[in-house]
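Chemist: Next come a sequence and a model predicted from it.
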Amino acid sequence: MFRLRCVNTCLRRLHYGRTMYQDQVLEQLQVCTAEDRLFDVVGKNKAKLTVKHVGCAVQMLWQFQKRKPQLLRTVELIKSHPQFLTLRVLAENKIALMDDFMLVDILYNFLRLKVDHHETLIQQLVSEAWLRLDRFPMSSLSKFANCLSDQQLHLSPLMGHITSIVDQKLSSIDDPRILTIFMISTSSLVSPRLRNALISRADCLLDTIVSSQLNNPRRVLQFLRHQKYSHRPLLEKCNRILLRTINRMDVENISIILGLYQSMQFSSWEFRVAAKQKLTEMIDSSTEPLYFTKLFITLAPMASPEIRKGLENTALLLADELDAHEALAIAEALEEIQSRNLSLMNKIASVIERNLHVYKPVEVARITQTLFTLHYHNPELFTKLRSILLNFLQSSNFPSEVTMLTRVLSMLSCPQLEETVISRIDAVVNQCRLNDLNSISFIVAKWIRNDTPYRHNTPSRYVRLLQTLNRCGHERLQTAERLDSVLEELKHISGEWFEEMLLEETMVTLQRMMDQINWTNVPEVAVFLTKINHLCPPLMDHIANVALQDIDKIHHSATYAILLPFSLLSYDPVRADELYDVCIQRFTPHISSFDPHLLILLAYTLAVADYFPEELVREIFSINFLGKLDSQLETLPDTLKMRTRLRLMELNRAVCLSCPEFQVPWFHEHFCQQLQKKRNFSNVPVQQQIHKMLGEVLDGSKSVRVEVVTPYFYTVDFECILDKNLQPLPYSKPGTLQISDKGNTHWGTSLLENIRDELPPGAQRVAVDFLDSKSFCRHSHHMKGETLMRKRHLEILGYRVVQIPHFEWNSMELSSLDAWKKYLKKKIYGELSH
């Protein structure tokens with residue numbers, strides 16, 4: 001008995017001593033403040049380190065690095081330290097002793113410390129984790145999923161297993177961070193049903209996020225971008241959270257978020273304005289090449305000319321310090337802002353040329369396209385790029401990559417299409433998507449034009465390739481089963497080949513899939529019909545029915561896209577008034593949440609269809625709204641900025657003419673005068689022909705005026721005045737109709753009264769407009785909405801409008817001078833005599 005007590009006492013002392021010893025080692029590790037001190041502790045105790053000590057040491061190494069700015073991290077030095085190898089060996093030998101939390105944490109930390117994915121340590125940790133997968137808590141499972149993503153295992157069976165677990169236990173996830181990590185990691189494998197469930201869960205959990213949590217909404221945006229799914233309510237919720245945190249964002253986060261918004265075509269003027277201000281404040285502190293590059297590519301496109309010039313000057317000073325990818329990013333930003341800074345372009349090009357060996361195929365293609373677009377002149381560099389592109393093309397087997405490389409090669413001077421290029425296209429063409437086939441058709445057409453000996457006799461190799469493209473395009477459409485996939489492929493497609501070869505088959509396919517049009521994709525179908533300028537009544541009627549049936553499910557901002565084809569293509573479905581009314585009712589409560597430029601585009605679309613909701617009009621022409629618009633315009637690209645200003649002018653004109661009771665002033669006089677000064681007036685041969693014949697029909701050229709500028713700045717092709725007996729009145733002197741001082745100082749209908757006062761009693765002004773193919777829907781004589789709106793407005797201004805469609809003027813019936821004159825007389829006198 002006494003002996004047993006002695007043994008028990010000794011065991012307790014031994015266990016107590018070991019515990020005290022372990023605590024001492026752990027305490028020594030935990031009080032370390034730098035890597036060197038930690039490695040000293042590891043070196044002195046390597047024979048006694050337990051799995052707990054290894055986990056603590058590896059975690060602290062990553063925490064030391066995490067606290068440092070990206071440029072000051074010393075991961076490579078840590079990896080080369082002898083004691084880091086000790087930790088790796090100990091970790092690999094003690095995997096079986098790790099609990100679930102420690103197993104995943106050690107894997108995560110080693111990956112963050114850049115241990116190669118193919119090392120046996122990483123592979124064994126992953127294998128052990130797979131065996132325990134079903135028992136992992138959701139926090140460890142999300143971290144493990146993140147580790148698999150780091151190893152590019154998005155499509156692995158292991159990630160599929162995790163996706164299945166997430167599907168089963170989704171309702172139990174209450175932590176936004178865990179959920180959003182799962183969303184990013186499994187985004188390549190989720191089904192539409194699981195995607196919707198994840199979005200619904202994220203929508204609930206984002207409400208619990210505190211303002212300091214930036215990564216969660218950013219990961220949601222990345223998930224939506226990867227899914228190519230624009231869920232507007234969730235996007236807007238993320239945007240509100242990000243707006244609250246923007247003052248704490250660094251350049252990298254602002255750049256990432258703006259990039260995500262752009263790729264999803266989500267516009268947030270408030271975030272852009274706030275981002276511009278925040279980035280401008282960071283200019284002086286962003287002196288390192290990495291951070292300055294991110295600042296430049298994000299701020300330059302929306303900066304004022306003065307700030308942009310300063311950024312270019314700084315980029316010139318830092319150019320020699322840029323690495324290969326930073327130089328490419330700067331070059332693409334210069335392309336976006338259409339820079340003409342030759343000194344900076346030369347510097348960036350020299351950095352790129354030194355690093356050509358490190359670029360991947362897509363990067364070399366981007367370089368070539370950027371330098372070509374910038375009109376950069378360096379034949380030697382372009383020769384190198386062409387050689388590299390050809391080498392990449394010969395070894396590429398990816399259809400999209402072959403198409404991209406071939407398209408960029410076609411930009412460079414090349415007298416003939418090399419057999420190498422044709423053979424690579426032939427090898428992949430059967431796998432190409434519609435947009436790739438369309439790109440290849442552009443390339444072939446360009447090479448045919450440049451192939452001088454064959455301009456009038458296309459060689460058989462081109463003919464065979466075009467025939468193959470046509471066959472593949474038709475087969476892809478005929479075998480398609482999912483409407484959403486077809487719409488994705490058609491999103492960026494355009495050009496003669498598509499219009500001539502695939503448009504008809506595309507419309508057949510869309511009508512075959514008409515039952516798949518629902519409230520989620522109806523805006524996309526409507527935008528596509530508008531883009532191709534094609535009137536298809538069955539599809540339009542179905543779009544109207546879906547919108548009327550599910551208007552409450554459709555996001556208020558999507559009403560703009562839905563109304564576009566009905567307005568711009570001037571198509572009235574059976575329930576046209578009801579369609580416009582329900583759309584107006586849907587967006588009216590949310591007018592204040594629209595981006596200013598989008599609200600203008602929406603109002604203009606309604607104005608084309610002759611709808612002017614009073615609440616919408618008064619909102620747009622309020623001082624507060626116009627102030628917000630000015631702020632947003634400062635951040636928009638020049639093209640979109642000009643388009644928005646033109647649409648505001650046209651809307652202002654439409655409201656003044658159609659709704660004088662709203663008493664909205666005409667405030668675009670100076671803007672229109674500036675446009676007139678920049679405009680080049682030139683008559684095409686057809687208009688010259690019509691002008692000459694009008695002079696003969698109206699008894700002399702003095703009775704006809706050309707390019708007449710009306711009040712509110714419409715430009716009429718030809719104008720004449722007929723008295724009460726329908727006899728032409730000669731103009732006293734050449735020129736254009738001017739707005740009088742009285743008209744300039746009075747709003748509303750005073751301009752119209754001014755015009756009428758200038759005419760003799762009973763006389764009337766006649767506007768003669770030649771309508772080319774742009775005034776009609778494609779392959780149709782159906783007149784578009786904007787042409788009809790112009791006619792309405794000219795009639796309000798006191799004109800009788802005579803329209804000469806191109807298909808009538810160029811018809812076989814009008815093949816002689818007498819026939820043309822008779823046609824004009826009938827148009828002018830026949831219509832006016834009724």
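Modeler: Arrived safely, thanks for sending.
Chemist: Could you list the low-pLDDT ranges of this protein?
Modeler: Within the chain, the stretches with pLDDT under 70 are 1-23, 210-212, 413-418, 451-459, 680-683, 701, 732-757, 831-834.
Chemist: which residue ranges form the strands in it?
Modeler: 705-709, 715-722, 728-729, 764-771, 799-805 (DSSP state E).
Chemist: Run a quick neighbour tally on the residue lying closest to His492 once chain neighbours are set aside.
Modeler: The shortest distance from His492 to any non-neighbouring residue, by C-beta to C-beta, 6 or more residues apart in numbering, is to Asn435 (5.5 Å). Heads up, the C-betas are built off the backbone N, CA and C, glycines and all. For Asn435, the count of nearby residues is 18 (other C-beta atoms under 10 Å).
Chemist: rewinding a little: nearest to Glu488, out of the strands of the chain?
Modeler: strand 764-771 (34.8 Å; C-beta to C-beta).
Chemist: Relative to that closest one, what are the paired strands and their orientations?
Modeler: According to DSSP bridges, strand 764-771 has the following sheet partners: strand 715-722 (antiparallel), strand 799-805 (parallel).
Chemist: how far is the longest one from where the chain is centred?
Modeler: Offset of strand 715-722 from its chain centre (C-alpha atoms, centre = their mean, to the nearest Å): 42 Å.
Chemist: Next, the buried residues of it.
Modeler: Of the residues in strand 715-722, Val716, Asp717, Phe718, Glu719, Cys720, Ile721, Leu722 count as buried by neighbour count, 16 or more other C-beta atoms under 10 Å.
Chemist: Same question for stretch 196-204.
Modeler: For stretch 196-204, the neighbour count (16+ other C-beta under 10 Å) marks Ala197, Leu198, Ile199, Arg201, Ala202 as buried.
Chemist: again with stretch 371-390
Modeler: Leu371, Leu374, Tyr376, Leu381, Phe382, Leu385, Arg386, Ile388, Leu389.
Chemist: ok, now which ones touch the second one?
Modeler: In other words, Leu374. By C-beta atoms under 8 Å, 6 or more residues apart in numbering, the residues touching Leu374 are Ala331, Leu334, Glu335, Ser339, Met345.
Chemist: Now do the contacts for the nearest residue to the fourth one once chain neighbours are set aside.
Modeler: What that stands for is Ser339. Closest residue in space to Ser339, ignoring its immediate chain neighbours: Glu312 at 6.6 Å, by C-beta to C-beta, 6+ apart. By C-beta under 8 Å, 6+ apart, the contact set of Glu312 is Ala300, Ser339, Asn341, Leu344.
Chemist: What separates the first and last residues of stretch 318-330, distance-wise?
Modeler: Counting by C-alpha to C-alpha, to the nearest Å, you get 11 Å between the two ends of stretch 318-330.
Chemist: one step back: quick one: which of the buried residues of strand 715-722 is nearest to Asn93?
Modeler: Distances from Asn93 to these, taken by C-beta to C-beta, are shortest for Asp717, at 87.3 Å.
Chemist: re earlier: how about TSV for the contacts of Glu312, with neighbour count and distance to Tyr829 added?
Modeler: Listed next are the contacts of Glu312 as TSV, based on neighbours: other C-beta atoms under 10 Å; distance: C-beta to C-beta, whole Å:
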residue	neighbour count	distance to Tyr829
Ala300	20	59
Ser339	19	57
Asn341	18	60
Leu344	20	63
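Chemist: Which ones among those lie within helices?
Modeler: Those of the contacts of Glu312 mapping onto helices are Leu344, per DSSP state H.
Chemist: contacting residues around the closest residue to Glu614 other than its chain neighbours?
Modeler: Distance criterion C-beta to C-beta, 6+ apart; nearest residue to Glu614, sequence neighbours excluded, is Phe662 at 6.9 Å. Going by C-beta under 8 Å, 6+ apart, Phe662 touches Phe612, Glu614, Val617, Arg618, Phe621, Val655.
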